[in-house]
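Undergrad: Everything below, folded, please.
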Amino acid sequence: MKFALKTRITLWYVLLFALIVGGWSVFVVTIVRADLYADIDRALAQRATQIAVGLGTPGSSKFADVTEPTLLRVPRAEATAQLLSAQGSLLAYSGDAISRRPLVKRSTLETVQRAGSAHIESVKTTGETFRILIVGQPKSSNFIVVGQSTETTDNTMLRLVLVMLFTGPLALAAAALGGWLLARRALRPVVRMAETAACIGIDRLGDRVPQPAGNDELSVLAATLNGMLSRLESDVEDKRRFVNDASHELQTPLAIMRAELDVSLSSTTLPPEAVEVLESAREEADRMSRIVRNLLALGRFDEGTLRLLTKPVDLSEVARSAALSLEALARERSVTLEVTGGASSVLGDSEYLALVAVNLIENAIKYSHQGDKVGILTKHEDDVAMLVVSDAGVGIPAESLEHLFDRFYRVETSRSEGTGGTGLGLAISQEIMLAHGGTIKVMSEPDVGSTFTASFPSA
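TA: Sure thing, here's the model as predicted:
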């Protein structure tokens with residue numbers, strides 16, 4: 001599953017923030033715990049020193065007399081003091097009830113004796129943890145043991161951890177929201193560029209993506225895209241000019257060629273072989289003329305210079321004329337053209353309406369089987385004039401229907417093999433229909449056939 005870029009940025013930001021917050025929390029908890037335990041250890045060392053001094057003072061024979069003043073500074077339930085023999089026997093105690101039995105093992109006392117220095121450790125007894133300091137009594141083989149409960153410290157640490165656990169998710173949620181808003185704001189120029197680029201087509205190559213102010217990466221990206229669009233626009237304009245110029249230049253020689261072929265075919269002295277060759281040349285000249293007309297129409301649409309000379313036109317006459325002009329192609333492919341329907345008047349440009357009819361009928365002929373019949377029907381329904389061209393040919397796959405009127409689109413099946421099509425006829429026909437306020441619809445099924453319906457507002 002792929003997330004949007006701003007979502008991925010937010011997730012990475014939150015993950016990094018979580019690692020930082022988590023690491024910082026562990027660091028804070030560790031440092032605070034170490035400081036609190038260091039305070040306890042310093043207090044224990046100070047008490048042990050005071051008790052040792054007190055025991056060495058003449059007249060202080062009782063252990064309780066020496067320890068009580070020291071332990072008064074700490075709640076009685078949290079402090080303890082013991083005097084142990086070298087064998088670990090309890091000689092005297094003061095403070096918490098746990099003081100009534102030795103808090104340390106004999107092995108620990110032996111370790112302290114060998115080291116000759118104080119020893120600190122944590123001891124858990126009766127469900128409570130005490131911090132214990134053991135130090136040898138000066139001028140004696142006994143040991144002074146002082147301890148303090150870590151309950152207060154542990155509770156403080158627990159509260160600190162709970163605060164971290166509670167505020168951490170809130171901080172992450174705030175970071176996620178802030179990160180998402182920042183990512184959204186940072187990517188807003190990219191979204192605007194994408195929206196503009198999505199609208200740029202062959203008819204809007206002059207548009208440019210918005211370029212953010214400054215010299216950051218987004219500004220460079222926009223400038224690069226605009227430069228690419230400028231180059232594309234220039235290349236397309238060059239090709240348009242070439243196609244338009246070539247189409248205009250080809251019109252006259254093609255017209256002369258067709259006229260000369262007609263004159264040659266009118267001769268009654270030609271042998272059958274020559275007539276066949278001339279008729280074939282005439283068909284190819286007609287096909288070239290149709291291609292040139294399509295290219296000229298395409299150029300006018302792209303340049304926005306198309307001017308419709310509208311007048312009442314009989315759609316049935318347009319259909320018959322188009323069918324007549326394609327009779328030779330139909331004979332070549334052994335296809336029969338059948339024109340039916342009555343008069344149906346529309347307001348339009350007869351030249352361009354004829355181009356629509358020729359394109360639709362030519363398509364039907366090309367994609368029909370030998371011996372098939374192409375039906376050409378004109379009718380009038382509810383103030384709508386219709387030209388319906390149907391065939392029983394190879395048909396069109398459903399996935400290709402939505403692209404059928406795209407320029408240069410050709411169905412990648414056996415339908416396209418050997419047809420010699422350019423992929424422009426239907427696209428140009430649709431442009432002409434839109435210019436007349438009409439539509440073209442298609443219904444098709446593979447191996448069954450296709451029906452194209454051109455609908456016009458009636459005159």
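Undergrad: Residues in contact with stretch 294-311: which ones?
TA: 202-203, 240, 243-244, 246-248, 251, 347-352, 355, 359, 407, 422, 424-425, 427-428, 431-432, 435-436 (Cβ atoms under 8 Å, 6 or more residues apart in numbering). Just so you know, the C-beta spots here come from the backbone N, C-alpha and C atoms, and that holds for glycine as well.
Undergrad: Now do the end-to-end distance for it.
TA: Stretch 294-311 has an end-to-end distance of 21 Å (Cα to Cα, to the nearest Å).
Undergrad: Let me see the mean pLDDT of that stretch.
TA: On average, the pLDDT along stretch 294-311 is 76.
Undergrad: got the buried residues for it?
TA: Across stretch 294-311, burial judged by 16 or more other Cβ atoms under 10 Å covers Asn294, Leu295, Leu296, Ala297, Leu298, Gly299, Arg300, Phe301, Asp302, Leu306, Thr310.
Undergrad: cool, stretch 141-154 as well?
TA: Asn142, Phe143, Ile144, Val145, Val146, Gly147, Gln148, Ser149, Thr150, Thr153.
Undergrad: burial of Leu52, as a residue count?
TA: Just so we're on the same page, residue 52 is Ala rather than Leu. 18 (other Cβ atoms under 10 Å).
Undergrad: from what I can see it touches Ile144, true?
TA: Yes: if you go by Cβ atoms under 8 Å, Ala52 and Ile144 touch, sitting 5.9 Å apart.
Undergrad: which neighbours do those two share?
TA: Common neighbours of Ala52 and Ile144 (Cβ under 8 Å, 6+ apart) are Val135, Gln137.
Undergrad: ok, for Gly136, nearest residue in space, not its chain neighbours?
TA: Phe143 (5.7 Å; Cβ to Cβ, 6 or more residues apart in numbering).
Undergrad: now the one you found: how far from Ser400?
TA: According to Cβ to Cβ, to the nearest Å, Phe143 and Ser400 sit 97 Å apart.
Undergrad: Domain-wise, how is the chain divided?
TA: 5-158, 202-306, 308-457 (the TED database).
Undergrad: Would you format those domains as JSON lines with distance to Phe166 included?
TA: Below are those laid out as JSON lines (distance: least, Cβ to Cβ, whole Å):
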{"stretch": "domain 5-158", "distance to Phe166": "11"}
{"stretch": "domain 202-306", "distance to Phe166": "39"}
{"stretch": "domain 308-457", "distance to Phe166": "55"}
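Undergrad: Select, out of those, the one closest to Arg185.
TA: domain 5-158 (9.4 Å; Cβ to Cβ).
Undergrad: can you pull out the helices in the chain?
TA: Taking DSSP state H as the criterion, the chain carries its helices at 5-55, 63-71, 106-115, 151-199, 217-265, 272-303, 315-325, 327-332, 350-366, 398-401, 425-435.
Undergrad: Show the average pLDDT along stretch 338-349.
TA: Averaged across stretch 338-349, pLDDT comes to 88.
Undergrad: Please export the alpha-carbon coordinates of it; CSV is fine.
TA: Taking C-alpha atoms only, stretch 338-349 is exported to CSV below (Å, rounded to 0.1, in the frame of the first residue of the first chain):
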residue,chain,number,x,y,z
GLU,A,338,-27.2,0.5,-48.3
VAL,A,339,-28.5,4.1,-47.8
THR,A,340,-32.0,4.4,-46.3
GLY,A,341,-34.2,7.0,-44.6
GLY,A,342,-35.9,10.2,-45.7
ALA,A,343,-35.0,13.8,-45.8
SER,A,344,-33.7,15.3,-42.5
SER,A,345,-32.7,19.0,-42.4
VAL,A,346,-29.9,20.3,-40.2
LEU,A,347,-28.1,23.6,-39.8
GLY,A,348,-24.5,23.0,-40.6
ASP,A,349,-21.5,23.3,-42.9
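Undergrad: How far away from the center of its chain is it?
TA: In this view, stretch 338-349 has its centroid 50 Å away from the chain centroid, taken as Cα atoms, centre = their mean, to the nearest Å.
Undergrad: can you list the residues that contact it?
TA: 308-317, 319-320, 323, 353, 373-380, 385-386, 436, 456-459.
Undergrad: Make a PyMOL selection of the buried ones in the residues you listed.
TA: This is how PyMOL selects the buried members of the contacts of stretch 338-349, with burial counted by 16+ other Cβ under 10 Å:
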select buried, resi 310+313+314+315+316+317+319+320+323+353+374+375+376+377+378+379+380+385+386+436+456+458+459
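Undergrad: Mean pLDDT per helix and strand in this structure: which one sits at the bottom?
TA: helix 63-71 (a mean of 64; mean pLDDT, DSSP states H and E).
Undergrad: returning to what we had before: quick one: closest of the domains of the chain to Arg184.
TA: domain 5-158 (5.4 Å).
Undergrad: Now do the closest one: distance from first to last residue.
TA: End-to-end for domain 5-158, by Cα to Cα: 40 Å.
Undergrad: I'd say Gly22 and Leu165 touch.
TA: No: using Cβ under 8 Å, Gly22 is not in contact with Leu165, being 10.7 Å away.
Undergrad: Those two: which has the busier surroundings?
TA: Each of Gly22 and Leu165 has its neighbours counted (other Cβ under 10 Å); Gly22 has more, 13 against 10.
Undergrad: OK, contacts around the more buried one?
TA: Gly168.
Undergrad: Could you tell me how far it is located from Val32?
TA: Gly22 sits 16 Å away from Val32, going by Cβ to Cβ.
Undergrad: same thing with Thr126?
TA: 27 Å.
Undergrad: Over to Ala43?
TA: Ala43 is 17 Å from Val32, by Cβ to Cβ.
Undergrad: More neighbours: which of those two?
TA: Higher neighbour count among Ala43 and Val32: Ala43, with 18 against 15, using other Cβ under 10 Å.
Undergrad: isn't that one right up against Thr153?
TA: No: counting by Cβ under 8 Å, Ala43 does not reach Thr153; the two are 11.2 Å apart.
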